[in-house]
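A.B. asks: would you be able to build a 3D model of this:
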Amino acid sequence: MTVRTWRCNICGDGYVGEGRPTHCPFCGAPDKYIVEAEKYKAPVVGKLSEVSANNIMEAIKLEVGNSQFYFCAAKNSKDIELQARFKALGKVEAEHASLLSKIIGAQPPVIDRNAGKCRPDDKALVQESHDREKRAIGHYRKFLGEAAEMRVKQVFAALVEIETTHIELADKSI
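C.D. replies: Residues are numbered from 1 along each chain as shown. Predicted coordinates for the structure are as follows:
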């Protein structure tokens with residue numbers, strides 16, 4: 001067994017394992033963004049345009065809200081598999097808020113795992129999850145188109161891909 005170290009070009013977190021993971025275990029980025037640790041180069045953002053800074057602030061709020069929703073959904077779901085999926089999605093959304101905060105040079109937000117509001121109905125939870133992810137995808141496509149900075153474009157492109165997979169992750173026949 002040969003253990004190697006990998007780094008995600010989106011969130012920068014490291015992963016140790018026998019092979020490259022199919023998705024970053026922290027932010028959910030697809031494997032195309034994961035490189036061997038020795039090939040990783042920390043991204044340089046530089047000065048942000050006012051539009052990008054505002055879009056990132058809006059994205060942080062969106063990710064915090066989605067994270068809180070998923071933690072609430074994990075507690076309120078009656079289905080053990082959905083509970084696990086929702087909890088994992090809550091962690092990934094919190095990682096997105098942290099990543100976006102790094103780009104603007106801010107402290108990562110504290111995610112209150114008890115602040116989210118949701119209904120204790122699995123069908124409603126899955127539907128709200130889909131609605132939230134579709135809304136995020138729409139915002140991130142718009143933000144991607146408005147970004148002038150390469151790093152901001154890279155992150156929003158990755159977030160569109162990641163949030164698209166969240167729809168599948170939250171999907172479960174109830």
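
A.B. asks: now for the longest helix seen in the chain, which elements pack on it?
C.D. replies: The longest helix of the chain (DSSP state H) is helix 50-76. Helix 50-76 sits against helix 80-103, helix 122-146, helix 150-170, with contacts defined as 3 or more Cβ pairs under 8 Å, 6 or more residues apart in numbering; DSSP states H and E. Placement of C-beta: from N, CA and C, glycine included.

A.B. asks: could you dump those helices into CSV and include mean neighbour count and mean pLDDT?
C.D. replies: Putting the helices and strands packed on helix 50-76 into CSV (neighbours: other Cβ atoms under 10 Å; pLDDT from 0 to 100) gives the following:
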stretch, mean neighbour count, mean pLDDT
helix 80-103, 20, 96
helix 122-146, 17, 96
helix 150-170, 19, 92
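
A.B. asks: let me have those helices in a markdown table, extended by distance to residue 17.
C.D. replies: Formatted as a markdown table, the helices and strands packed on helix 50-76 follow (distance: least, Cβ to Cβ, whole Å):
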| stretch | distance to residue 17 |
| --- | --- |
| helix 80-103 | 18 |
| helix 122-146 | 27 |
| helix 150-170 | 20 |
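
A.B. asks: tell me, how many residues neighbour residue 147?
C.D. replies: 21 (other Cβ atoms under 10 Å).

A.B. asks: got it, and residue 4?
C.D. replies: Residue 4: 13 neighbours (other Cβ under 10 Å).

A.B. asks: mind checking pLDDT for it?
C.D. replies: Per-residue pLDDT puts residue 4 at 95.

A.B. asks: mind listing the residues bridging to it?
C.D. replies: Here residue 4 sits in beta bridges with residue 17, as judged by DSSP bridges.

A.B. asks: list phi and psi for the residue nearest to residue 95 when sequence neighbours are not counted.
C.D. replies: Spatial nearest neighbour of residue 95, chain neighbours left out: residue 27 (4.7 Å); criterion: Cβ to Cβ, 6 or more residues apart in numbering. Torsion angles at residue 27 (phi, psi; degrees, to the nearest 10) stand at phi -110, psi -10.

A.B. asks: wait, residue 27 sits on residue 11?
C.D. replies: Yes: between residue 27 and residue 11 there is a contact at 3.9 Å, judged by Cβ atoms under 8 Å.

A.B. asks: mind listing the shared neighbours of those two?
C.D. replies: Counting by Cβ atoms under 8 Å, 6 or more residues apart in numbering, the shared contacts of residue 27 and residue 11 are 95, 99.

A.B. asks: returning to that earlier point: average model confidence for the longest helix of the chain?
C.D. replies: Here helix 50-76 scores 97 as its mean pLDDT.

A.B. asks: for residue 41, which of the helices and strands packed on helix 50-76 is the nearest?
C.D. replies: helix 150-170 (11.5 Å; Cβ to Cβ).
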